[in-house]
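>>> how would this look folded up:
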Amino acid sequence: MKTIVICSGGLDSVTLADKVATEHRLRGLLSFDYGQRHVKELESAAACAARLGVAHRVVDISDVGRALTGSALTDDVAVPEGHYSEETMKLTIVPNRNAIMLAIGFGMAAAQGAEAVAVAVHGGDHFIYPDCRPGFLDAFQAMQEQALDGIAEIRLYAPFANISKAGIVAEGARLGTPFAQTWSCYKGGARHCGRCGTCVERREAFAIAGVPDPTDYADADFWRAATGRA
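Model prediction:
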């Protein structure tokens with residue numbers, strides 16, 4: 001399939017780009033500036049596109065992001081620390097983010113003659129993020145079939161939807177994904193903080209997968225207490 005990958009620059013989406021480049025036809029990477037405090041992640045997306053030799057499009061929807069108030073990713077709200085199973089992690093929800101990004105992705109795919117849009121949502125996201133769950137993905141596909149009826153047939157490709165973050169790390173290791181060139185931290189500093197939910201999830205995933213973690217964390221041991229592995 002000629003596929004556009006929605007790539008934030010994170011571990012999941014960069015691994016997905018490698019998977020698509022290996023198993024399908026990677027048409028390009030699509031990233032979004034939605035006003036996220038960790039906009040640094042877009043540098044990793046650009047590096048991924050350069051490595052794979054494909055186009056990288058960054059769409060500025062920061063005005064939209066500023067309208068979606070209340071999230072720790074886009075508003076003046078502290079990024080919570082700890083494990084994703086904690087109630088506080090709901091502060092990282094950006095309402096309808098995936099629906100907005102996917103709608104743009106499908107429109108671009110139709111305009112460019114691509115056959116699929118790939119997104120790296122995974123099983124670990126289901127607890128917190130409703131627009132990462134299989135039910136949402138199925139509903140979005142059905143909606144797009146109506147929206148593009150007679151115009152284009154685009155498939156929503158989400159191969160990680162029912163696997164864990166550790167499973168993605170294992171897949172990335174198989175594909176040779178350069179994990180050190182990916183960005184996860186929601187705080188957006190010069191280094192991964194090691195304490196926010198996505199840093200904890202990242203560190204735990206490497207441990208479960210049994211894959212060495214090349215990430216430079218400001219607090220490399222916090223994850224153990226946060227996950228009960230101390």
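>>> Point to the helix or strand of the protein where mean pLDDT is at its lowest.
Within the chain, confidence by mean pLDDT, DSSP states H and E is lowest for helix 62-67 among all helices and strands, at a mean of 91.
>>> Only the buried residues of whatever helix or strand comes next after that one, if you could.
Tracing the chain C-terminally past helix 62-67 and defining elements by DSSP states H and E, one meets helix 97-112 next. For helix 97-112, a neighbour-count test (16 or more other CB atoms under 10 Å) marks 97-98, 100-110 as buried. Placement of C-beta: from N, CA and C, glycine included.
>>> do you know how far the residue of the chain most remote from its centre is from Ala110?
For the chain, the largest distance from the centre (CA atoms, centre = their mean) belongs to Gly150, which lies 30.2 Å off. According to CB to CB, to the nearest Å, Gly150 stands 11 Å off from Ala110.
>>> if I pick the nearest residue in space to Gly189 that is not next to it in sequence, what's in contact with it?
Using CB to CB, 6 or more residues apart in numbering and skipping residues adjacent in sequence, the residue nearest Gly189 is Ala218, 7.3 Å away. Ala218 makes contacts with 189, 191-195, as judged by CB atoms under 8 Å, 6 or more residues apart in numbering.
>>> Same question for Val169.
Taking CB under 8 Å, 6+ apart, one finds 11, 15, 179, 205-206, 208-209, 211 in contact with Val169.
>>> and with 6 Å instead?
Shown in contact with Val169 (CB atoms under 6 Å, 6 or more residues apart in numbering): 205-206, 209, 211.
>>> I'd like the next helix or strand past the helix or strand where it lies.
Val169 is part of helix 165-175 when elements are defined by DSSP H and E. Using DSSP H and E, the helix or strand that directly follows helix 165-175 along the chain is helix 197-209.
>>> Name the residues that touch the least confident helix or strand of the chain?
The contact list for helix 62-67 (CB under 6 Å, 6+ apart) reads 33-35, 74.
>>> In the protein, where is pLDDT below threshold?
Low-confidence segments of the chain (pLDDT under 70): 86, 230.
>>> picking up where we left off before, could you point out which of the contacts of Ala218 is nearest to Arg174?
Arg174 has its nearest neighbour among the contacts of Ala218 in His192, at 23.1 Å by CB to CB.
>>> any idea how far the residue nearest to Gly189 is from Ala49?
From Ala218 across to Ala49, the span is 28 Å (CB to CB).
>>> Same question for Thr15.
Look at Thr15 and Ala49: by CB to CB, they are 14 Å apart.
>>> Which residues are in contact with Lys114?
Just to correct that, residue 114 is Ala rather than Lys. Taking CB under 6 Å, 6+ apart, we find Ala114 in contact with 2, 4, 27.
>>> out of these, who has the most neighbours?
Among these, the one with the most neighbours (other CB atoms under 10 Å) is Ile4, at 27 neighbours.
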